[in-house]
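> quick one, fold the following:
(2 chains)
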Protein chains: 2
Amino acid sequence: MLKCSIITIGDELLIGQVVDTNSAWMARQLNSYGLPVRKRVAVGDSRDEIRKALDEEGRDSDFILITGGLGPTADDITKPLLCEYFGGKLKVDADSLANVKYLFEEVFRRPLTDRNLKQAEVPDNCKVIINSRGTAPGMVFEKEGKTFISMPGVPHEMQGMMTKDVIPLMLSKGNNHHIVHKTLVSFGIGESMLADHISDFENSLPPNIKLAYLPNYGMVRLRLTGTGNDQPRLVTEVENLALELSEHIKEWLISNEDEGMENIIYRLLKTNELTLSTAESCTGGYISHLITAIAGSSAVFKGGVVSYSNDLKRDILEVKEETLRSFGAVSEETVSEMLHGIRKQSGTDYGLAVSGVMGPGGGSEDKPVGTVWIGVINKKDEKHVRKFQFRFDRQRNIHMTAINALNLLRSVIVEDIKTD
Amino acid sequence: MLKCSIITIGDELLIGQVVDTNSAWMARQLNSYGLPVRKRVAVGDSRDEIRKALDEEGRDSDFILITGGLGPTADDITKPLLCEYFGGKLKVDADSLANVKYLFEEVFRRPLTDRNLKQAEVPDNCKVIINSRGTAPGMVFEKEGKTFISMPGVPHEMQGMMTKDVIPLMLSKGNNHHIVHKTLVSFGIGESMLADHISDFENSLPPNIKLAYLPNYGMVRLRLTGTGNDQPRLVTEVENLALELSEHIKEWLISNEDEGMENIIYRLLKTNELTLSTAESCTGGYISHLITAIAGSSAVFKGGVVSYSNDLKRDILEVKEETLRSFGAVSEETVSEMLHGIRKQSGTDYGLAVSGVMGPGGGSEDKPVGTVWIGVINKKDEKHVRKFQFRFDRQRNIHMTAINALNLLRSVIVEDIKTD
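Residues are numbered from 1 along each chain as shown, chains lettered A, B, ... in the order given. Okay, here's the model as predicted:
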């Protein structure tokens, strides 16, 4: 079983100025090919720390994937350090030079500077990976049977390289150990309750299968992971256990795939040829952003109104002035009128509306921060409007409102399909 | 100078199922208090790997902060392992038990299970940190002059603990070494060109000051970091250098603070008592989401229309059928009419409109994926409409469109204020 480590380099990772999404992406890819990651490490732009990380990870892993520190500026020290660490000398690589020139002349259409040209210099003891999306080449070093692969930190450049070159290279080194994951998604039950509910199932799992609980904003993802050498048998084993598990949790099960709530909605609408529009107050466009982030969503999503102010609720969604005055913007009555307004404006099969107090300001004794009304309307003009009470901070409240709104929509659509 | 390591625990971090936002948050906090993070490590739910990480980080750092693996379910193995590693025995902690009972009875209002009660068990050789936002307590262990602090992985629980207990504890251990950061934000110039432009400035920096380039979606943040023991002097030194740097890059400088484009827009609008509305096609609500994520944004943002379909462009924004037919949805003419439509509907000082092809589908020879029209209208009904050509994937195109739209708005507002 070949083991991998990921080392990400950059002071910005250590002062928290950026979130390290690269290593999550890399880990996901590696896993899907049966290349388990045993450790992820982030170090700063420090020669000592980078050296120490190379020593430590090189000792325990077979593949050491490195990103970052390859840019053209003075704070990027990785390339000379790698050159020194593996005992090479910097020289200009002809292919990399041609690539840099091509990118500046044909793609970026910007003048080429000496700094950019320097990016074509690589250690003479590495195998070069051409970067089709940027100027910094990738580098592969071999040392004492271990493979070190250095890539740029720009996400889409690294991703292009991983897909096209790095993963094929790793797979070619032979890998008989397989990992199979299967994730089910539940909604509306806490981690502990769920664990109690399925403890018999969990305790009876064979030793090569692990169960993990991944709670996130009202959802708990249950992930079964199987390891073994016979891949087809492993797939069947995990699939069968997932089927058994889905029976145990059917009351809360919302998907048999590892997907977000917005994907579930997209599939439901798409499969049943249904359309949706939204009227968002407190979520400020976040719900429509979640849906439209999905490629192809224009087939099911017609658009929406972000009626952040009362004026827009009244002028576009035709919420009555009287309703706003008597009950306020955060009320069953207002959300109910928003539903009729958005369906009238858009003519979609379903309409979704939310109005609430996200905080930190705007709360009252009656309607404290976290008070939210969520409503769904279908093409028979039947409405489902519910009150929710969330807690804690603005960002979390926006997210919880969006997820619960989409879940209410999901349950209404599922019910409508059953009764049709 | 006291050094910190962060260890995050959980298989989900190694298979890339979740992005590790916790350690970025922790690193930011620690840095702001002059507690530099030398390394971040993520390991799976594996006894061997956790032990090895504790050994390695305990050797080189003074504080070792650990998150994750403390939940109530069987995949959480951290607590028994820490107990064993530091040679303690599990016993029920009275304060933690009272907290668990209080949370279930008063806050969550759910039945309390044996699993939840077990969360009140802690090793008898640690100092307990009460978790005011959840059931898993924090634990502080001392070993050979090093301090190990274990916290739950749920972000808002960990954050509450860090702020209230962990950072004060760490500061109380004495810390004379100070770190001061100052970040400037530039837009519209690449990293290499910028580096060439300021190479004299960069080369003349004193040895205790470092400059880092942090490129992100068309923006490059320039971060000056100073280290030293005399804090007031250090602050002045960094401030003066930042002032000098801002002169060098004034052509591209968009902020003297480390903030996102949406914050810049919010401040500009708020300070000048201006209001905004949006008409988003291809960004699907992402622009209004960015703005409304800011607390207090309702003072400047009135709302918008997510006119994802042509129907909504026509029906709500009054884009002419003829315009859509002759020029298409992705055109100067359509965006121009969207601008008039959104200002008419909302009555705001400024209107922002975007329409484009985000991909992967929908492109044509004329309008390939990444073609975007962005427009801004002011209260004199003066319009600025520009064409952009982005590249690569959908997610990146949505983000690039939003950032460039906000930047166009920024430059129009700045210009309007000057001429007023």
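
> flag every residue of the stretch 101-250 of chain A that's near chain B.
Counting by C-beta under 8 Å from any C-beta of the partner chain, the residues of the stretch 101-250 of chain A lying close to chain B are A:107-108, A:110, A:113-116, A:133, A:154, A:156, A:181, A:183, A:190-193, A:195-196, A:202, A:210-216, A:221, A:223, A:225. The way it works is simple: take the backbone N, C-alpha and C, and place the C-beta from them, glycine included.

> of those residues, grab the buried ones for PyMOL.
To isolate the buried ones among those in PyMOL, judged by 16 or more other C-beta atoms under 10 Å in any protein chain shown, type:
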select buried, chain A and resi 113+115+116+133+154+181+183+190+191+192+193+195+196+202+210+211+212+213+214+215+216+221+223+225
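
> can you tell me which of the residues of the stretch 101-250 of chain A next to chain B end up in helices?
In helices, defined here by DSSP state H, the members of those are A:114-116, A:156, A:191-193, A:195-196, A:202.

> tell me which two of the residues you listed sit farthest apart.
Farthest pair in these (C-beta to C-beta) is A:D114 and A:D196. Separation: 65.0 Å.

> and stretch A:379-398, what's buried?
For stretch A:379-398, burial by neighbour count (16+ other C-beta under 10 Å) applies to A:383, A:385, A:388, A:390, A:393-394, A:396-398.

> quick check: which element contains A:F141?
Assigned by DSSP states H and E, A:F141 belongs to strand A:138-143.

> what lines up beside that strand in the sheet?
strand A:127-129 (antiparallel), strand A:146-151 (antiparallel) (DSSP bridges).

> and these as JSON lines, adding mean pLDDT and mean neighbour count?
Converted to JSON lines, the strands paired with strand A:138-143 look like this (pLDDT from 0 to 100; neighbours: other C-beta atoms under 10 Å in any protein chain shown):
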{"stretch": "strand A:127-129", "mean pLDDT": "96", "mean neighbour count": "18"}
{"stretch": "strand A:146-151", "mean pLDDT": "97", "mean neighbour count": "23"}
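
> would you mind putting the ones you listed into TSV with distance to B:T236 alongside?
Shown next, in TSV, are the strands paired with strand A:138-143 (distance: least, C-beta to C-beta, whole Å):
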stretch	distance to B:T236
strand A:127-129	46
strand A:146-151	39
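
> A:G303 in helix, strand or coil?
Three-state assignment for A:G303 (DSSP: H, G, I helix; E, B strand; the rest coil): strand.

> please, which helix or strand holds the residue sitting furthest away from the middle of chain A?
Seen from the C-alpha centroid of chain A, the residue lying at the greatest distance (C-alpha atoms, centre = their mean) is A:E322, 42.7 Å away. For A:E322, the host element (DSSP H and E) is helix A:321-327.

> is that helix up against chain B anywhere?
No: using C-beta under 8 Å from any C-beta, we find that helix A:321-327 stays clear of chain B, coming within 14.1 Å at best.

> now the element after that helix, going C-ward?
Next helix or strand after helix A:321-327 toward the C-terminus (DSSP H and E): helix A:332-346.

> just checking, what packs against the helix of greatest length in chain A?
For chain A, the helix with the greatest residue count under DSSP H is helix A:394-419. When contacts are defined as 3 or more C-beta pairs under 8 Å, 6 or more residues apart in numbering or on different chains; DSSP states H and E, helix A:394-419 packs onto helix A:261-271, helix A:286-292, strand A:350-356, strand A:371-377, strand A:383-389.

> ok and the third one relative to helix A:261-271, angle-wise?
It stands for strand A:350-356. Following axes from the mean of the first three to the mean of the last three C-alpha atoms, to 10 degrees, one obtains 160 degrees for the angle between strand A:350-356 and helix A:261-271.

> parallel or antiparallel, which strands does strand A:350-356 pair with?
Strand A:350-356 has its sheet partners listed here by DSSP bridges as strand A:276-280 (parallel), strand A:371-377 (antiparallel).

> out of these, deepest packed?
Comparing those by mean neighbour count (mean count of other C-beta atoms under 10 Å in any protein chain shown), strand A:276-280 ranks first with a mean of 30.

> who's in contact with it?
With contacts defined as C-beta atoms under 8 Å, 6 or more residues apart in numbering or on different chains, strand A:276-280 is touched by A:265, A:269, A:286-288, A:291, A:300-307, A:317, A:338-339, A:341-343, A:345-346, A:348-354, A:409, B:285, B:306, B:312.

> burial count for the residue nearest to A:D62 when sequence neighbours are not counted?
With C-beta to C-beta, 6 or more residues apart in numbering or on different chains as the criterion, A:D62 has its nearest non-adjacent residue at 4.4 Å, and that residue is A:L2. Per other C-beta atoms under 10 Å in any protein chain shown, the neighbour tally for A:L2 reads 17.

> surely A:L2 and A:K173 touch.
Yes: counting by C-beta atoms under 8 Å, A:K173 is a contact partner of A:L2 at 6.8 Å.

> which neighbours do the two share?
Taking C-beta under 8 Å, 6+ apart as the criterion, A:L2 and A:K173 both touch A:62-63.

> how about the strand holding A:F141: buried residues?
The neighbour-count check on strand A:138-143 (16+ other C-beta under 10 Å) flags A:138-141 as buried.

> want to throw those into TSV with pLDDT?
Formatted as TSV, the entries for those read as follows, by pLDDT from 0 to 100:
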residue	pLDDT
A:G138	95
A:M139	96
A:V140	97
A:F141	97
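
> let me know the closest of the residues you listed to A:G362.
So of the buried residues of strand A:138-143, ranked by how close each gets to A:G362 (C-beta to C-beta), first place is A:G138, at 50.0 Å.

> identify the bridge partners of the closest one.
With DSSP bridges as the criterion, A:G138 is bridged to A:I129.

> can you give me the distance of it to B:N407?
A:G138 sits at a distance of 32 Å from B:N407 (criterion: C-beta to C-beta, to the nearest Å).

> how about A:H177, nearest residue that isn't a chain neighbour?
Setting aside the residues directly before and after it, A:H177 is nearest to A:M1 in space (C-beta to C-beta, 6+ apart), at 3.7 Å.

> please verify my assumption that that neighbour contacts A:P36.
Yes: applying C-beta under 8 Å, one finds A:M1 in contact with A:P36, separated by 7.0 Å.

> now do the helix holding A:E322: distance to the chain's middle.
Taking C-alpha atoms, centre = their mean, to the nearest Å, the mean C-alpha location of helix A:321-327 is offset from the chain mean by 40 Å.

> send me the strand holding A:F141 as PDB with only the CA atoms.
Written as PDB, here are the backbone C-alpha positions of strand A:138-143 (Å, rounded to 0.1, in the frame of the first residue of the first chain):
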ATOM      1  CA  GLY A 138       6.100  21.000 -12.000                       C
ATOM      2  CA  MET A 139       9.100  18.900 -10.800                       C
ATOM      3  CA  VAL A 140       9.500  15.300 -10.000                       C
ATOM      4  CA  PHE A 141      12.400  14.100  -7.800                       C
ATOM      5  CA  GLU A 142      13.300  10.600  -6.900                       C
ATOM      6  CA  LYS A 143      15.300   9.900  -3.600                       C
END
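
> give me the contacts around that strand.
With C-beta under 8 Å, 6+ apart as the test, strand A:138-143 has contacts from A:58, A:79, A:82, A:86, A:122-123, A:125-131, A:147-152, A:161, A:165-166, A:169.

> I figured A:T67 hits A:A24, correct?
No: look at A:T67 against A:A24 with C-beta under 8 Å: they stay out of range, at 11.8 Å.

> comparing the two, which shows the higher neighbour count?
Neighbours were counted for A:T67 and for A:A24 using other C-beta under 10 Å; A:T67 has more, 29 against 23.

> quick one: contacts for that one?
Shown in contact with A:T67 (C-beta under 8 Å, 6+ apart): A:6-9, A:22-23, A:26, A:150-153, A:158.

> same thing but at 6 Å, please
Contact analysis of A:T67 by C-beta atoms under 6 Å, 6 or more residues apart in numbering or on different chains lists A:8, A:22, A:151, A:153, A:158.

> just put those residues in TSV and tack on distance to A:G328.
Shown next, in TSV, are the contacts of A:T67 (distance: C-beta to C-beta, whole Å):
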residue	distance to A:G328
A:T8	48
A:N22	45
A:M151	53
A:G153	48
A:M158	49
